[in-house]
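S.K.: I'll drop the sequence and a predicted model, then ask my questions.
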Amino acid sequence: MLQERESPIKHRDEQANEFVIQRVFNAPRNLVWKAFSESDRLAKWWGPAGFKLIAKEFEFSPGGTCHYRMQSDDGFVMWGKFVYLQIIEPEKIVFIISFSDENGSAARAPMSTTWPLEVFNVLTLKEKDGNTRLTLKSSPMNSTEEEIRTFRSEFESMNKGFSSSFDQLEEYLSKL
């Protein structure tokens with residue numbers, strides 16, 4: 001079923017500013033989809049290793065949000081938020097992700113004062129022979145030139161971060 005909302009994205013140089021990561025999971029697409037679309041499942045794997053995720057709000061629909069808190073074992077807390085723009089079950093999720101405060105307002109990233117406040121994401125899932133290929137494309141939106149430079153300079157770090165989250169997703173899926 002197609003659910004859509006107009007995208008407010010404003011790119012400058014889309015090709016140079018786009019981060020892309022792919023991963024193949026040994027799981028059917030419907031299970032990978034559920035891992036993204038259900039808050040209790042998302043909480044089992046999303047975020048940096050060693051952090052516990054708690055969804056404060058979760059409405060998986062166009063215009064809906066996932067506002068969450070992540071806490072490390074040593075007590076460090078980060079807040080984040082997804083705003084869902086388009087959902088085509090079970091193949092595509094378009095969303096904006098940002099760091100946030102505990103009230104859900106966009107906030108600067110704890111690791112960089114020049115990280116974009118909003119990052120536009122397109123996640124696609126393709127199934128073949130019982131495996132699922134996940135592709136995530138991310139780009140800064142409504143960003144300054146300095147924020148775009150920061151985003152581009154962090155591709156290696158983003159690759160490590162998403163790879164770590166996807167390792168946790170892979171482990172979670174293997175137990176189902």
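M.R.: Right, received. Where do you want to start?
S.K.: Ala102: how many residues sit nearby?
M.R.: For the record, residue 102 is Glu, not Ala. Glu102: 11 surrounding residues under other C-beta atoms under 10 Å. No exception for glycine: its C-beta is placed from N, CA and C like everyone else's.
S.K.: now swap in Phe82 and tell me
M.R.: Neighbour tally, Phe82, other C-beta under 10 Å: 23.
S.K.: Then the one 3 residues further on?
M.R.: Other residues near Leu85 number 22, with proximity taken as other C-beta under 10 Å.
S.K.: any idea which helix or strand carries the residue lying closest to it once chain neighbours are set aside?
M.R.: Leaving aside its sequence neighbours, Leu85 sits nearest to Val94 (C-beta to C-beta, 6 or more residues apart in numbering; 4.5 Å). Element membership for Val94, per DSSP states H and E: strand 92-100.
S.K.: Equivalent analysis for Leu123, please.
M.R.: Here Leu123 is assigned to strand 119-128, by DSSP H and E.
S.K.: Average pLDDT for that strand, rounded please.
M.R.: Averaged over strand 119-128, pLDDT sits at 98.
S.K.: Give the partner strands of the longest strand belonging to the chain in its sheet and their orientations.
M.R.: In the chain, taking DSSP state E as the definition, the longest strand is strand 77-88. With DSSP bridges as the test, strand 77-88 is paired with strand 2-4 (antiparallel), strand 65-72 (antiparallel), strand 92-100 (antiparallel).
S.K.: how many other residues sit next to Ser174?
M.R.: Neighbour tally, Ser174, other C-beta under 10 Å: 10.
S.K.: can you tell me how far the closest residue to it other than its chain neighbours sits from Pro90?
M.R.: Counting by C-beta to C-beta, 6+ apart, Ser174 lies nearest to Asn26, which is 7.4 Å off, once chain neighbours are set aside. Going from Asn26 to Pro90 by C-beta to C-beta, to the nearest Å gives 17 Å.
S.K.: Looking at the two, which is more packed in?
M.R.: Pro90 (18 against 10).
S.K.: Phi, psi for that one please.
M.R.: phi -100, psi 40 (degrees, to the nearest 10).
S.K.: my read: it touches Leu125, true?
M.R.: Yes - applying C-beta atoms under 8 Å as the test, Pro90 and Leu125 come out as touching, 6.3 Å apart.
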